[in-house]
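Asks: pasting a predicted model and its sequence here:
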Amino acid sequence: MDDNTVPEIVANGALDATRNVPARISDSLPSKLLLLPLQARPFFPAQTMPIVINEELWRETIERVGNTPHHLVGLILTKKPSDESPTPTDLHTIGTVVRMHQPMRGDGRIQFIAEGLQRFRIVNWIASERPFLAQVEYPSAPDEAKQKVRAYAQAIIGKLKELLPLNPLYKEGLRAYLERFTPDEAGPLADFAAALTSATAKDLQDVLDAIPLLRRMEKVMLLVQHEIEIAGLQSEIRHKVEERGSEKQREFFLREQLKEIQQQLGISKDDKTIELDKFRERLVGLTVPAAAQTRIDDEMRKFSVLESGSPEYGVTRNYLDTLTALPWGNYSKDNVDIKHARVVLDREHEGLQDVKDRIIEFLGVGAIKGEVAGSILLFVGPPGVGKTSVGRSIANALGRELYRFSVGGMRDEAEIKGHRRTYIAAMPGKIIQALRETKRANPVIVLDEIDKIGASYQGDPASALLEVLDPEQNANFLDHYLDVRFDLSRVLFICTANQLDTIPRALLDRMEVVRLAGYLAEEKLAIAKRHLWPKQREKAGLKAAQLTLTDSAVRKIVNDYAREAGVRNLDKQLNRIVRKAVIKIIEAPRSKVKVTPENLQTFLGNPVFRQERQQHGIGVVTGLAWTALGGATLEVESARVHMKNRGFKLTGQLGDVMKESAEIAYSYVAANLAEYGAPPAFFDDALVHLHVPEGATPKDGPSAGITMATALLSLARNQAPTLQCAMTGELTLTGRVLPVGGIREKLIAAKRNGIKTVLLPGATRGDFDELPSHIKQGLTIHFVEHYREVAALVFAKPARRR
């Protein structure tokens, strides 16, 4: 029977409603049946299909069925699917008796052909353990109106006729059905139609449980109708996908034909030719070195013969894209007008006069030469003092493009010098990327956080920067990806750092250090008024009349909330004020907000910093220290604990160098007590405790040597210092005062805390003379070479007797 005759058989076959079972089934079926559970869906009498079961669980049942003369077994659906053996309560009561054919075993499974015969109902369980055995009965359908049965049967045949064209598998199922039954058998027809659907196990079991033929056919009609809807949707989706695919194929072939016709007529080019023309067009007007031009020509010839499907096609295309996108010989013309540069720097930065002068000097050299090149600047200072923004101002003054990236935490040298093209997804390093993005061969490149650069097994980026930042070498910089030398000698590199200690010495030698120490309170006030406050107000969309901030309020913010060397925290505090003011204006649209010292706390909360006075007393001396965040004052306290035994105790989380300075100060003062007017035996039986407050903050460095010595001498003389001052300097065992660094930052810290008199090592006189006048103004400086000078200044009056 061919596929074309299947629908006609179903549609035109005669129907006999009285025949519910095939004639070949014997009327005498066994009253006792061995049972096999089914997991997915029930088995119908009209079905013939393979069954696969677990050999370990059901081997004995299959062997016992094979030993029976009739080879009959009952198939019954479990209520819940499970990999374990079910119990009688887990099984439905109605199933299908089947004849087992051709059982086969393999891979832990048993497979056999099941020929469905008739429904059965479990009457009583004989064996409730495997192998299951039950006493059964075979219910028969009651006599019903033949006209209704015939009408339902015709309706089911009509539905099947709709269903068959939608899926070829339905025709295969019908062919297997007609080999056993004729279309005029209503009972098997209903069962076959139900088995043909993809309904749920519950719905199919409801059909199997329906013994009356009319009720069964009603349920089947609903299932078949639902199946027609699902199959129709699937067919519609399949046709749409096929149409879409056919349309795309048609468009592809048409495009290929059009492309070939255009090429034959000479009015179009293929993708490869378009790419090559684009690469050649980029090079027009550029001055490409001979070696680079040779490499580009070689790669273009290679690219022209590669097939687009070749793996090397994409690699070569990306390489040519990078080579031709670089600004070979394309330089920005420098604006070396010194007056213009000074205007730009003054407009964009407040204070920092010494830094501005240094930049103007640097640009002045370029004005004489006609170009700015050959120098690498390193701006060092605390966070928030404007290091990166100064670099941006230099680019604006010169009229150059700016490219900024951070090297903090960078651990792979390929970030600087690129990946070799043998690697997948290789790309050039940051320097070549900067040139490609700025489209100029002489941009200003800012390398932020160079003091925080890392190293790992992937290489040392700091070593890779040695070539980049060396004016003698970077004229022939070689990027691993580019594999062609590029001239970086006219690129202006500006690096930023918070400290010099962590920068490799070889790298530091290649850079010219410019220090940005921080801002005084007056400078912060000017910066807030002219730069920060207008910017914050503009970002919030507020007008000057809506929100005002008094000078005294700014001064209070600087003193109580933002004492840091930089202005980043000051900017954050102003942003907090604007945010709170916006809420007030939204709640009362016509209101105007004015921030004064009196209501400042409602905007910023309690002050962060306390107004501390300089401590005075016996054994208490003020020192000056340098930190990565700027300068700071340091109170050193000493006390005699008891007179039972000699000892020296240090606290305050001091570093190793500072502990050594304390030991030296203790030894020097103890050895020279008589010279400085103190009892010679003071330390012989005394336990002396020296403490540097704020113990949670780590402290280190040698600059507190004379400070600690003065605190110990004050304790021994039983006399508070008569000179209100702060001091810094390293002390030796012979009493010499050695120079220390960070003089600018330390003096700014002294002025910030209202200290007027400062003692400095004599060797730092040159550093002091170079400071701007606004820092030196109002300070009395005493330069000391030996500790005798320190004692003479601090203890001008005789010591008190004990």
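Replies: Nice, thanks for sending it over.

Asks: mind pulling up the pLDDT for L629?
Replies: pLDDT, L629: 61.

Asks: same check on V123?
Replies: Among the per-residue scores, V123 shows a pLDDT of 90.

Asks: which residues sit against stretch 470-479?
Replies: Residues outside stretch 470-479 that contact it (CB atoms under 8 Å, 6 or more residues apart in numbering) are 373-376, 417-418, 428-429, 431-432, 466-468, 484-489, 491, 510. The way it works is simple: take the backbone N, C-alpha and C, and place the C-beta from them, glycine included.

Asks: buried among these? Need that as a selection in PyMOL.
Replies: Selection of the buried residues among the contacts of stretch 470-479 in PyMOL, burial being defined by 16 or more other CB atoms under 10 Å:
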select buried, resi 373+376+417+418+428+429+431+432+466+467+468+484+486+488+489+491+510
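
Asks: all strands for the stretch 601-750 of the chain, in order.
Replies: For the stretch 601-750 of the chain, the strands defined by DSSP state E, counting those that start in this stretch occupy 620-627, 630-642, 647-651, 687-691, 726-727, 730-731, 737-738.

Asks: most packed of the ones you listed?
Replies: A comparison of these by mean neighbour count, using mean count of other CB atoms under 10 Å, puts strand 726-727 on top with a mean of 28.

Asks: circling back to that earlier point, out of the strands of the stretch 601-750 of the chain, nearest to R347?
Replies: strand 630-642 (25.1 Å; CB to CB).

Asks: CA atoms only: put the closest one into CSV for me.
Replies: Output of strand 630-642 as CSV, limited to C-alpha atoms (Å, rounded to 0.1, in the frame of the first residue of the first chain):
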residue,chain,number,x,y,z
GLY,A,630,50.8,64.9,52.1
GLY,A,631,52.4,66.4,55.2
ALA,A,632,51.2,65.9,58.8
THR,A,633,52.0,67.0,62.3
LEU,A,634,53.1,64.4,64.8
GLU,A,635,52.9,64.7,68.6
VAL,A,636,55.6,62.8,70.4
GLU,A,637,54.9,62.1,74.1
SER,A,638,57.3,60.7,76.8
ALA,A,639,56.7,59.8,80.4
ARG,A,640,58.6,58.1,83.3
VAL,A,641,56.7,55.1,84.4
HIS,A,642,58.6,54.2,87.6
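
Asks: tell me the strands beside it, with direction?
Replies: Taking DSSP bridges as the criterion, strand 630-642 pairs within the sheet with strand 620-627 (antiparallel), strand 687-691 (antiparallel).

Asks: from the contacts of stretch 470-479, which land in strands?
Replies: Judged by DSSP state E, the contacts of stretch 470-479 include I376, R485, F486 as members of strands.

Asks: for these, which one is nearest K333?
Replies: Ranked by distance to K333 (CB to CB), the ones in strands among the contacts of stretch 470-479 are led by F486 at 20.1 Å.

Asks: relative to A434, how far out is the closest one?
Replies: From F486 across to A434, the span is 11 Å (CB to CB, to the nearest Å).

Asks: then I274?
Replies: Taken as CB to CB, the span from I274 to A434 is 28 Å.

Asks: and these two? Which one has more around it.
Replies: Between I274 and A434, counted using other CB atoms under 10 Å, the more crowded position is A434 (23 against 11).

Asks: what about stretch 310-330, average pLDDT?
Replies: For stretch 310-330, mean pLDDT rounds to 88.

Asks: now the helices for the stretch 601-750 of the chain?
Replies: Listed in chain order, the helices found in the stretch 601-750 of the chain under DSSP state H, counting those that start in this stretch are 656-671, 705-717, 743-752.

Asks: ok, of those helices, where does mean pLDDT dip lowest?
Replies: helix 743-752 (a mean of 84).

Asks: what residues sit buried inside the helix or strand just after that one?
Replies: Proceeding N to C from helix 743-752, the next assigned helix or strand is strand 757-761, under DSSP states H and E. Neighbour counts using 16+ other CB under 10 Å place V758, L759, L760, P761 of strand 757-761 among the buried residues.

Asks: neighbouring contacts of strand 757-761?
Replies: Applying CB under 8 Å, 6+ apart, the contact partners of strand 757-761 are 624, 706, 723-730, 737-740, 743, 746-747, 750, 768, 779-785, 790, 793-794.

Asks: now the buried members of those.
Replies: For the contacts of strand 757-761, a burial check counting by 16+ other CB under 10 Å picks out 624, 706, 725-730, 737-740, 743, 746-747, 750, 768, 781-784, 790, 793-794.

Asks: tell me how far the longest helix seen in the chain lies from the chain's centre.
Replies: Of all the segments of type helix in the chain, defined by DSSP state H, the longest one is helix 213-265. Distance of helix 213-265 from its chain centroid, counting by CA atoms, centre = their mean, to the nearest Å, is 43 Å.

Asks: run through the neighbouring helices and strands of it.
Replies: helix 146-163, helix 186-196, helix 201-209 (3 or more CB pairs under 8 Å, 6 or more residues apart in numbering; DSSP states H and E).

Asks: most packed of those helices?
Replies: Counting by mean count of other CB under 10 Å, helix 186-196 has the highest mean neighbour count of those, with a mean of 26.

Asks: now the angle between helix 213-265 and it, please.
Replies: 40 degrees (axes from the mean of the first three to the mean of the last three CA atoms, to 10 degrees).

Asks: so what's R537 up against?
Replies: K543, A544, L547, V578.

Asks: helix, strand, or coil at the second one?
Replies: So that's A544. Under DSSP: H, G, I helix; E, B strand; the rest coil, A544 falls in the coil class.

Asks: that one: neighbouring residues, count only.
Replies: 11.

Asks: would you list the contacts of R537 in a markdown table and tack on pLDDT?
Replies: Shown next, in a markdown table, are the contacts of R537 (pLDDT from 0 to 100):
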| residue | pLDDT |
| --- | --- |
| K543 | 85 |
| A544 | 84 |
| L547 | 88 |
| V578 | 90 |
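
Asks: buried ones among those?
Replies: L547, V578.

Asks: tell me the one of the contacts of R537 nearest G381?
Replies: Nearest to G381 among the contacts of R537 is V578, at 26.9 Å by CB to CB.

Asks: where does pLDDT dip in the stretch 401-550 of the chain?
Replies: For the stretch 401-550 of the chain, the stretches with pLDDT under 70 are 456-459.

Asks: ok, now with 80
Replies: Low-confidence segments of the stretch 401-550 of the chain (pLDDT under 80): 454-460, 471-472, 517-522.

Asks: helices of that one, residue ranges please.
Replies: Ranges of helices in the stretch 401-550 of the chain, per DSSP H, counting those that start in this stretch, are 414-417, 430-438, 461-468, 505-508, 521-527, 533-539.

Asks: state the distance from the closest residue to M643 other than its chain neighbours to I577.
Replies: Nearest residue to M643, sequence neighbours excluded (CB to CB, 6 or more residues apart in numbering): D685, at 5.0 Å. From D685 across to I577, the span is 59 Å (CB to CB).

Asks: the two: who's more crowded?
Replies: A direct count of neighbours by other CB under 10 Å for D685 and I577 places I577 higher, at 22 against 13.

Asks: tell me the contacts of the more buried one?
Replies: With contacts defined as CB under 8 Å, 6+ apart, the neighbours of I577 are Q536, L549, V595, F603, L604.

Asks: possible to save those residues as TSV with distance to N396?
Replies: Listed next are the contacts of I577 as TSV, based on distance: CB to CB, whole Å:
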residue	distance to N396
Q536	22
L549	28
V595	32
F603	34
L604	33
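
Asks: of those residues, grab the buried ones for ChimeraX.
Replies: The following ChimeraX command selects only the buried members of the contacts of I577, with burial defined by 16+ other CB under 10 Å:
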select :536,549,595,603,604
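
Asks: quick one: buried residues of the helix or strand D354 falls within?
Replies: Element membership of D354 [criterion: DSSP H and E] is helix 353-369. For helix 353-369, the neighbour count (16+ other CB under 10 Å) marks Q353, D354, V355, K356, I359, I360, F362, L363, G366, A367 as buried.

Asks: other SSEs contacting that helix?
Replies: Using 3+ CB pairs under 8 Å, 6+ apart, helix 353-369 sits against helix 338-348, helix 387-398, strand 512-515.
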